[in-house]
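[1] pasting the structure only:
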């Protein structure tokens, strides 16, 4: 039997607010335990939540970016469950009336573009964290994360493979970072994913029983976890068994999923409107702020890069994959670099160096104007493309700007026709055997003459002019 995979993702994006969603506590990562928690976060009797307006603006901006309905009225609800790091015994979330509904996100797959529906995005608070290490057999509770603002983004079950799920996740990750509503740091837990996975016989309309894979914190693990779970479910069904609706944990060390608990249904949480919070009314002023704060989005930027700079779809996509990288590229071009050459260097030499040193584009050691200066010297023939790589390495280590390095190392390229022609004539005269071979039709000997000329000029001759002059002088 052939099987079809059905995947929906629930993504928790931590919003880039300086304080929590219902209290004034800070949200900075890495603070000592319980130093960023107050009486509201710890659920002291009699305290009341106060909604963070900036979290609402960010949620509205996300809704606009995905073409969704941003409801002017939404409701906060209590999601009831007991866990030690949830002091109130319930989580403040949204249930029947979320702030954002019915959006979509276009993703790129090997088969072309695909549109994934987004069912809803709602605001909620995060829970705290249980600590087990170095606790002498006890469990410690850190409430620093309790009350951290989250936007939970729920997709439709529109994805049909792990690869599609990863493409969606990466596209969403890029979008929230472009909007500057989430830093997207998966290692710190500010962008994490639950995957709902099921399989069904090919052609069947009814969905299969799903398993929820919880809190996966890397793109690679999302793909591996889904692939494993699909194989597991197919094996269960093929042997005559039934898939249980449950929550499963992905173990990256063993590359397998394992059961955690039976999957809760909405009624298990006993949702009801939170009596401490009035209905959320999104004003015209807030919607205007969200609209004004909207940057050029990734898809629009890719299209503009292709049209304005003549870039391939691939190069435009790579450059637009990060708001910071796209801005760096445009800064290089604005400083006088030829657009296609700039794209090649930003996605090539610069990207490789950043990757090798484990740096982000914000930490580059060659600023945009400095890189543009080097690219101008390639374009005007001052330095060859090969020598330019050595110049770039020197610039990276702080040796100065391109002109200073080129002069200090004697790398200026010879472009004078007369000087190059003199070297070419000497090379031809010194190699009569190869000359005869070339003129007898052995065209591959041409590269021999190019190499000998570059060697004789100590690599300083302009390669384009060398080729031009050799073709003229080698002709019978």
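    Received it, and whenever you're ready, just let me know what you need. In this text, all values refer to a predicted model and were calculated from it rather than measured experimentally.
[2] against residue 172, how distant is the closest residue to residue 210 other than its chain neighbours?
    Using CB to CB, 6 or more residues apart in numbering and skipping the chain neighbours, the partner closest in space to residue 210 is residue 198 (3.9 Å). (Each C-beta comes from the backbone N, C-alpha and C, glycine too.) Using CB to CB, to the nearest Å, we find residue 198 at a distance of 21 Å from residue 172.
[3] who has more neighbours out of those two?
    Neighbour totals were compared for residue 198 and residue 172, and residue 172 leads with 25 against 20 (other CB atoms under 10 Å).
[4] what's in contact with the one helix or strand the more buried one maps to?
    Assigned by DSSP states H and E, residue 172 belongs to helix 162-178. Helix 162-178 is contacted by residues 5, 7, 9, 11, 13, 62, 65-66, 105-110, 114, 116, 153, 155, 159, 182-184, 191, 193, 195, 219, 222-224, 226-227, 230, 295, 297-298, 321-323 when judged by CB atoms under 8 Å, 6 or more residues apart in numbering.
[5] rewinding a little: pretty sure the residue nearest to residue 210 contacts residue 204?
    No. Between residue 198 and residue 204 there is no contact under CB atoms under 8 Å: 10.9 Å.
[6] picking that back up, need phi/psi at the residue nearest to residue 210.
    phi -150, psi 170 (degrees, to the nearest 10).
[7] same thing with residue 393?
    phi -60, psi -40.
[8] how many neighbours does it have?
    Neighbours around residue 393, by other CB under 10 Å: 14.
[9] can you pull out the low-pLDDT segments for the chain?
    263-264, 266, 413-416 (pLDDT under 70).
[10] remind me, longest strand of it?
    strand 112-125 (DSSP state E).
[11] and whatever helix or strand comes next after that one, what does it pack against?
    Downstream of strand 112-125, the first helix or strand assigned by DSSP H and E is strand 129-131. Contact here means 3 or more CB pairs under 8 Å, 6 or more residues apart in numbering; DSSP states H and E; on that basis strand 129-131 packs against strand 140-142.
[12] kindly calculate the angle that the longest helix along the chain makes with helix 162-178.
    For the chain, the longest helix by residue count, based on DSSP state H, is helix 219-238. Inter-element angle recorded for helix 219-238 and helix 162-178: 150 degrees (by axes from the mean of the first three to the mean of the last three CA atoms, to 10 degrees).
[13] in strands, which of the contacts of helix 162-178 fall?
    5, 7, 9, 11, 13, 105-109, 114, 116, 153, 155, 191, 193, 195.
[14] contacts only, for the spatially closest residue to residue 129 that is not a sequence neighbour.
    Nearest non-adjacent residue to residue 129, counting by CB to CB, 6+ apart: residue 142, 4.7 Å away. Contacts for residue 142 were tallied using CB under 8 Å, 6+ apart; they are 33, 34, 85, 128, 129, 130, 131.
[15] rerun that using 10 Å as the cut-off
    31, 32, 33, 34, 35, 36, 37, 85, 128, 129, 130, 131 (CB atoms under 10 Å, 6 or more residues apart in numbering).
[16] ok, the first one touching residue 148?
    No. Judged on CB atoms under 10 Å, residue 31 makes no contact with residue 148 at a distance of 11.8 Å.
[17] okay, and the common contacts of the two?
    residue 25.
[18] more neighbours: which of these two?
    Neighbours per residue, other CB under 10 Å: of residue 31 and residue 148, the larger number sits with residue 148, 26 against 14.
[19] residue 182 is in contact with that one, correct?
    No. Using CB under 10 Å, residue 148 is not in contact with residue 182, being 11.4 Å away.
[20] joint contacts of these two?
    With CB under 10 Å, 6+ apart, residue 148 and residue 182 have common neighbours 12, 14, 15, 190.
[21] of those, closest to residue 52?
    residue 15 (8.4 Å; CB to CB).
[22] contacting residues around that closest one?
    So residue 15 contacts 21, 27, 52, 54-59, 62, 123, 148-151, 176, 181-183, 190 (CB under 10 Å, 6+ apart).
[23] repeat that for residue 31.
    25, 37, 142, 144.
[24] if we use 7 Å, what do you get?
    residue 144 (CB atoms under 7 Å, 6 or more residues apart in numbering).
[25] now do residue 369
    residue 335.
[26] can you tell me how far it sits from residue 349?
    Taken as CB to CB, the span from residue 369 to residue 349 is 16 Å.
[27] please apply the same query to residue 362.
    18 Å.
[28] please say which of the two ends up with more neighbours.
    A count of neighbours by other CB under 10 Å puts residue 349 above the other of residue 362 and residue 349, at 18 against 11.
[29] once you drop chain neighbours, what's closest to the more buried one?
    residue 392 is the one closest to residue 349 (CB to CB, 6+ apart), at 5.7 Å.
[30] I'd say the one you found and residue 374 touch.
    Yes. Taking contacts as CB atoms under 7 Å, residue 392 lies within contact range of residue 374: 6.2 Å.
[31] who has more neighbours, the two?
    Taking other CB under 10 Å, residue 392 and residue 374 do not tie; residue 374 has more neighbours (26 against 20).
[32] distance of that one from residue 46?
    For residue 374, the distance to residue 46 - CB to CB - is 64 Å.
[33] got it, and residue 131?
    Taking CB to CB, one finds residue 131 at 28 Å from residue 46.
[34] residue 250: which element?
    Judged by DSSP H and E, residue 250 forms part of strand 246-251.
[35] give the next helix or strand downstream of that strand.
    In N-to-C order, the element after strand 246-251 by DSSP H and E is strand 256-262.
[36] and that following strand, what's buried?
    256, 257 (16 or more other CB atoms under 10 Å).
[37] surely residue 188 is in contact with residue 27?
    No. The pair residue 188 / residue 27 is not scored as a contact, 11.2 Å apart, by CB under 7 Å.
[38] and those two? Which one has more around it.
    residue 27 (22 against 13).
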